[in-house]
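Chemist: model the following, please.
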Amino acid sequence: MESLNIFIKSIFIDNMIFAYFLGMCSFLAVSKTVKTSAGLGLAVIFVLLVTVPVNFLLNQYILKPGALSWLGEGFKDVDLSFLTFIMFIAVIAAIVQLVEMIVERFAPALYGQLGIFLPLIAVNCAIMGASLFMQSREIPTLGQATCFGIGSGIGWFIAIVLMAAIREKITYSHIPAPLKGVGIAFITCGIMAVAFMSFMGIKL
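Modeler: Numbers count the residues shown, from 1 in each chain. Predicted coordinates:
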């Protein structure tokens, strides 16, 4: 039941875009067409699905204070938490490289549309943020960490696809010249964030 709660909260209540505004660079740059946004959103889901559980295991058995006690009594006082950032980033970079190779191989058109934003998933703060939230919230089990990872990815996917759908529609609207482009995108994002705040009323 707790895994379901974490999953639902990570999609709607703790949405990476609308609750924490993480991953805004690629969110604003790519959310111009639904097709491209869906492709990037699926890539983000896959990366989070893999990196959050892997980083959970790294944190549990290597990085946090006393994590190396499974090697013997001599290692129970070892603290490698200072390596957290570099280890998490290394895992994320490796998975993103794998995703880039897969997309280039099986969806070259999408690869061309995403351009530089696909490899930039490696420095997408939503990806790193999910792993750091997992660590700071002390999620206790691998299953719950996996639910949190995939839920965060789905939440990011929903946000960027909704944003792309709205931006496709408003291209036919009469928008004041100073607000065209990123201006109206920021306003739309703010309104959507306020709308997502209504999910905070969900009691889990």
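Chemist: in terms of secondary structure, what does the least confident helix or strand in the chain by mean pLDDT contact?
Modeler: One helix or strand of the chain scores below all others by mean pLDDT, DSSP states H and E: helix 108-114, with a mean of 82. In terms of contacts (3 or more C-beta pairs under 8 Å, 6 or more residues apart in numbering; DSSP states H and E), helix 108-114 is packed against helix 34-58, helix 84-106. Any C-beta I mention is one placed from the backbone N, CA and C, and that applies to glycine too.
Chemist: can you get me a residue count around Lys95?
Modeler: Residue 95: Ile, not Lys. By the criterion of other C-beta atoms under 10 Å, Ile95 has 20 neighbours.
Chemist: quick check, it in contact with Leu49.
Modeler: No: Ile95 is beyond contact range of Leu49, at 9.3 Å (criterion: C-beta atoms under 8 Å).
Chemist: doesn't Ala193 make contact with Met163?
Modeler: No: at 10.8 Å, Met163 does not count as touching Ala193 under the criterion of C-beta under 8 Å.
Chemist: these two: who's more crowded?
Modeler: Neighbour totals were compared for Met163 and Ala193, and Met163 leads with 23 against 16 (other C-beta under 10 Å).
Chemist: coming back round to it: which of the helices and strands packed on helix 108-114 sits closest to Gln144?
Modeler: Gln144 lies closest, by C-beta to C-beta, to one member of the helices and strands packed on helix 108-114: helix 34-58, at 8.8 Å.
Chemist: what angle do the closest one and helix 84-106 make?
Modeler: 140 degrees (axes from the mean of the first three to the mean of the last three C-alpha atoms, to 10 degrees).
Chemist: in helix 34-58, what counts as buried?
Modeler: Buried residues in helix 34-58, counting neighbours by 16 or more other C-beta atoms under 10 Å, are found at 34, 36-37, 39-56, 58.
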